[in-house]
Structure formats: structure tokens, C-alpha cells
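Engineer: Structural data only, the sequence is not supplied:
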């Protein structure tokens, strides 16, 4: 789901332009998804989770690695 679509749904709901069931029919996501997105927006001001810095399994350095560094 694009960030623009998520923001549009939240703004329509917050401004009372459409009923929630009408918004969900238009955007095509569930009530649960809407409230999860709304919670993230209320807490962070963003509708997309920040990407993790750690995209892979962390490695354990051995003594040779530490000497190299």
C-alpha cells in the first residue's frame, strides 16, 4: 500500500469527509490495517515504518577481525 494512499485515507477520516467503511471500500484495505497505520501516524507522524539499519544477521567478530579493524 503506497504511503500516499495511507495518508489520503487518514486525512479523509480525520476531516470527517467520508465514513470509515466508505474509505475502506475505496482504498481496499481492512479496518485492522487502517487502525495500525493510524496508530503509526499518530505516534510518529509517518505512515511508513522506518527501515531497519540491520538488514541481515549480525556477525560475530573474531580476534583477527578485531586486529584488522
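Structural biologist: Yep, it's here. The structure displayed is predicted, hence computed values, not measured ones. Numbering: from 1, shown residues only.

Engineer: ok now the helix or strand of the chain with the lowest mean pLDDT, how far from the chain's centre?
Structural biologist: The weakest-scoring helix or strand in the chain, judged by mean pLDDT, DSSP states H and E, is helix 63-68 (a mean of 75). How far helix 63-68 lies from its chain's middle: 38 Å, per Cα atoms, centre = their mean, to the nearest Å.

Engineer: just checking, what packs against that helix?
Structural biologist: Counting contacts by 3 or more Cβ pairs under 8 Å, 6 or more residues apart in numbering; DSSP states H and E, helix 63-68 is packed against no other helix or strand. C-betas here are computed from N, CA, C, even on glycine.

Engineer: In that helix, which residues are buried?
Structural biologist: Across helix 63-68, burial judged by 16 or more other Cβ atoms under 10 Å covers no residue at all.

Engineer: likewise stretch 6-23?
Structural biologist: For stretch 6-23, a neighbour-count test (16+ other Cβ under 10 Å) marks 6, 9, 10, 12, 13, 23 as buried.

Engineer: cool, stretch 44-52 as well?
Structural biologist: Buried residues in stretch 44-52 (16+ other Cβ under 10 Å): residue 47.

Engineer: That one - what's its average pLDDT?
Structural biologist: For stretch 44-52, mean pLDDT rounds to 84.

Engineer: now stretch 1-14
Structural biologist: Here the average pLDDT along stretch 1-14 is 94.

Engineer: could you check the distance from the closest residue to residue 31 other than its chain neighbours over to residue 44?
Structural biologist: Nearest residue to residue 31 in three dimensions, chain neighbours excluded: residue 24, at 6.2 Å (Cβ to Cβ, 6 or more residues apart in numbering). From residue 24 over to residue 44 the distance is 22 Å, taken as Cβ to Cβ, to the nearest Å.
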